[in-house]
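[1] Would you be able to build a 3D model of this:
(one chain, ligands or ions: 2)
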Amino acid sequence: MAHAVMPVSEIADKARHVYEQVFGGNPPEVEVCAPGRVNLIGEHTDYNDGFVLPMALPLVTVVVGSRTSDQVVNILTANEEVEEPRKVDFNLPTDELTLSPGQPKWANYVKGVVQHYRAHPLPGFRAVIASSVPLGGGLSSSASLEVAIYTFLQQLNPDDGDKVAKAVACQQAEHTHAGVPCGIMDQFVSVMGKAGHALLIDCRSLEATPVPLSEPGLVILITNSNVKHSLSGSEYPTRRRQCEEAAAMLRKSSLRDATMADLEEARSQLDDVTYCRARHVIEEIERTARAAEALRRGSYKEFGKLMVESHNSLRDLYEVSCRELDELVSAAMEVDGVFGSRMTGGGFGGCTVTLLQAHATDKAILHIQSLPWDVERDEICMNGFQQTQSVNTEQYSGTPTFYVTTPSEGVRVLKPVMT
Ligand code: ADP
Ligand code: MG
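    Ligands and ions are numbered 1, 2, ... in the order given. The predicted structure follows:
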């Protein structure tokens, strides 16, 4: 059964081909790619200054392009699932001109990164984006796009090369131009990811510790539910606010500094919902630290158990799961050779991540596929580009899609600029 991820070279070929068709002339002088990510454990902890344990994926966003002699950015995305127009141009920012977000929305990610880039002035440029990360699927196509664009700009006019500052600039772009108040995890791992390793990130100190995860008998299976409930946008800021309120009540600068004892002591002053939100965060931060330890020791059983605890807490205390994700996790856990499974990303749809023995992969996929996928859906978020490229396309539309992955490298330059 083939669920291989499309090789980076194929996505780059596609981007180059589109570039040559649209812009003509010479081939693009620069090519870069930045990965999406999956978070193994530590959900909704990043904006609480806690720990997260993501890994970079073999799914990537490629940007190819060249400098121009004017002050204009010409950018096109090859991903057909975004809103029209897919080709956009805008002037570079100056001391007098700040780029502001507008339509189409997808271009705001590019504008935001150009605005927050740390070494102006930039030359004008034209570029094509192509991605194998499903858009809006919870595998962080947005951060991979931001980090790819930033890395592309570094080739045109290098900054000081500070990687943490780069991730922060990309996060700022998402805040100010896409209007998403995201934590630092996605951009951080897309910059810093290491092949064969998960990355334990302390979101308070921004320290990152690679944790080996390269045993050949292990697989990380990602299952995209291909659903995205409309709650996904509105609930995220609400959760953030609830966490800030809980921290303030506990007189802590963030929930990272709170213990369960602190929370129990203040219980009578907190409403039930705020209590549950805070409890998830406090326990999840601790669980993530324990999970990283378990991984270091190669205790995959224990790691898997913590994944399931994390899922249950996200379902019951943080209330960001949904029926489809719960079903995917339960189904995965019924298969021999599966260590653990949980929802990953913001929630209300998107993906689950499952740690399992490689020999159990086909069995797990078949078992999940055999479920009756006829539940009602708010909105089906189709992953157009990936679906037209992967082997088993038709039979999955509206049902789960699978990615068999291993921890991959962070952002890289495929073709550096010639000076
Ligand atoms: P996720 O990051 O989980 O994939 P988000 O909602 O944060 O989901 O980001 C998805 C959005 O990012 C898309 O709707 C689109 O606006 C933008 N985006 C991501 N990748 C691309 C791409 N290759 N081309 C154009 N826009 C993209
Ligand atoms: Mg995102």
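[2] which SS class is Trp373?
    Secondary structure state of Trp373, per DSSP: H, G, I helix; E, B strand; the rest coil, is coil.
[3] and the closest residue to it other than its chain neighbours, what pLDDT?
    Once flanking residues are discounted, Trp373 sits nearest to Thr399: 4.2 Å by Cβ to Cβ, 6 or more residues apart in numbering. Using the backbone N, CA and C atoms, a C-beta is placed for each residue, glycine as well. Among the per-residue scores, Thr399 shows a pLDDT of 84.
[4] So Thr399 lies in a strand, does it not?
    No - the assignment for Thr399, made by three-state DSSP, is coil rather than a strand.
[5] where exactly do the strands run in the stretch 1-150 of the chain?
    Secondary structure of the stretch 1-150 of the chain (DSSP state E, counting those that start in this stretch): strands at 30-41, 51-67, 72-77, 87-91, 125-131.
[6] and of those strands, who's closest to Cys276?
    Ranking these by proximity to Cys276 (Cβ to Cβ) places strand 30-41 first, at 19.0 Å.
[7] any idea how far the residue nearest the centre of the chain is from ligand 1?
    When Cα atoms, centre = their mean is applied to the chain, the residue found nearest the centroid is Ser140 (2.3 Å). Per Cβ to the nearest ligand atom, to the nearest Å, Ser140 is found 4 Å from ligand 1.
[8] doesn't Ala34 make contact with that residue?
    No - taking contacts as Cβ atoms under 8 Å, Ser140 lies outside contact range of Ala34: 9.8 Å.
[9] where do the contact lists of those two overlap?
    By Cβ atoms under 8 Å, 6 or more residues apart in numbering, Ser140 and Ala34 have these common neighbours: Ser190.
[10] ok, and for the helix or strand hosting Glu327, which residues are buried?
    Using DSSP states H and E, Glu327 sits within helix 323-333. Within helix 323-333, the residues scored as buried using 16 or more other Cβ atoms under 10 Å are Glu324, Leu325, Asp326, Glu327, Leu328, Val329, Ala331, Ala332, Met333.
[11] Redo the residues you listed as a markdown table? Include pLDDT and distance to Asn26.
    Output for the buried residues of helix 323-333, formatted as a markdown table (pLDDT from 0 to 100; distance: Cβ to Cβ, whole Å):
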| residue | pLDDT | distance to Asn26 |
| --- | --- | --- |
| Glu324 | 92 | 47 |
| Leu325 | 95 | 47 |
| Asp326 | 96 | 52 |
| Glu327 | 94 | 51 |
| Leu328 | 96 | 46 |
| Val329 | 98 | 50 |
| Ala331 | 97 | 51 |
| Ala332 | 98 | 48 |
| Met333 | 98 | 53 |
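[12] So which of those residues is the closest to Gly345?
    Leu325 (9.7 Å).
[13] Residue of the stretch 51-200 of the chain closest to ligand 2, please.
    Relative to ligand 2, the nearest point of the stretch 51-200 of the chain is Ser142 (3.3 Å; Cβ to the ion).
[14] so that residue sits right up against His177, yeah?
    No - between Ser142 and His177 there is no contact under Cβ under 8 Å: 10.7 Å.
[15] For the two, list the residues in contact with both.
    Taking Cβ under 8 Å, 6+ apart as the criterion, Ser142 and His177 both touch Tyr109.
[16] Report all helices and strands that the longest helix that the chain contains contacts.
    Ordering each helix of the chain by length in residues (DSSP state H) puts helix 272-297 first. Using 3 or more Cβ pairs under 8 Å, 6 or more residues apart in numbering; DSSP states H and E, the elements in contact with helix 272-297 are strand 30-41, strand 51-67, strand 197-202, strand 207-212, helix 231-249, helix 260-265, helix 300-316.
[17] Now do that helix against strand 51-67, angle only.
    80 degrees (axes from the mean of the first three to the mean of the last three Cα atoms, to 10 degrees).
[18] ok, now how distant is Glu286 from ligand 2?
    26 Å (Cβ to the ion, to the nearest Å).
[19] do you know how far that residue is from Glu302?
    Distance of Glu286 to Glu302, computed by Cβ to Cβ, to the nearest Å: 14 Å.
[20] and Pro123, how many neighbours does it have?
    The number of residues packed near Pro123 is 15, by other Cβ atoms under 10 Å.
[21] What sits closest to it if chain neighbours are left out?
    In this structure, Pro123 finds its nearest non-sequential neighbour in Arg67, 4.5 Å apart by Cβ to Cβ, 6+ apart.
[22] which residues sit in contact with the one you found?
    So Arg67 contacts Glu29, Pro123, Gly124, Phe125, Leu156, Val417 (Cβ under 8 Å, 6+ apart).
[23] Taking those, please make a ChimeraX selection of just the buried ones.
    This is the ChimeraX syntax for the buried subset of the contacts of Arg67, where burial follows 16+ other Cβ under 10 Å:
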select :29,124,125,156,417
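[24] now, the most widely separated pair of the contacts of Arg67?
    Gly124 and Val417 (14.5 Å).
[25] from memory the residue nearest to Trp373 sits against Ile368, does it?
    No - look at Thr399 against Ile368 with Cβ under 8 Å: they stay out of range, at 9.2 Å.
[26] Give the buried residues for stretch 124-132.
    Using 16+ other Cβ under 10 Å as the test for burial, stretch 124-132 gives Gly124, Phe125, Arg126, Ala127, Val128, Ile129, Ala130, Ser131, Ser132.
[27] Which phi and psi values does the first one adopt?
    Going back to what we said before, that points to Gly124. Main-chain dihedrals, Gly124, degrees, to the nearest 10: phi -60, psi 160.
[28] could you measure it against Arg315, distance?
    Separation of Gly124 from Arg315 (Cβ to Cβ) stands at 49 Å.
[29] after the worst-scoring helix or strand of the chain on mean pLDDT, next one along is what?
    In the chain, the helix or strand scored least confidently by mean pLDDT, DSSP states H and E is helix 384-389, which has a mean of 30. Per DSSP H and E, the first helix or strand lying C-terminal to helix 384-389 is strand 401-405.
[30] Tell me the strands beside that next one, with direction?
    strand 218-228 (antiparallel) (DSSP bridges).
[31] can you give me the offset of the strand it pairs with from its chain's centre?
    What separates the centre of strand 218-228 from the centre of its chain is 13 Å, taken as Cα atoms, centre = their mean, to the nearest Å.
[32] Tell me the buried residues in that strand?
    Using 16+ other Cβ under 10 Å as the test for burial, strand 218-228 gives Val219, Ile220, Leu221, Ile222, Thr223, Asn224, Ser225, Asn226, Val227, Lys228.
[33] picking up where we left off before, contacts for the helix holding Glu327 next, please.
    For helix 323-333, contacts defined as Cβ under 8 Å, 6+ apart pick out 221, 223, 225, 227, 308, 311, 315, 338, 340-343, 347, 349-350, 352, 354, 356, 364, 367-368, 371, 375, 377, 400.
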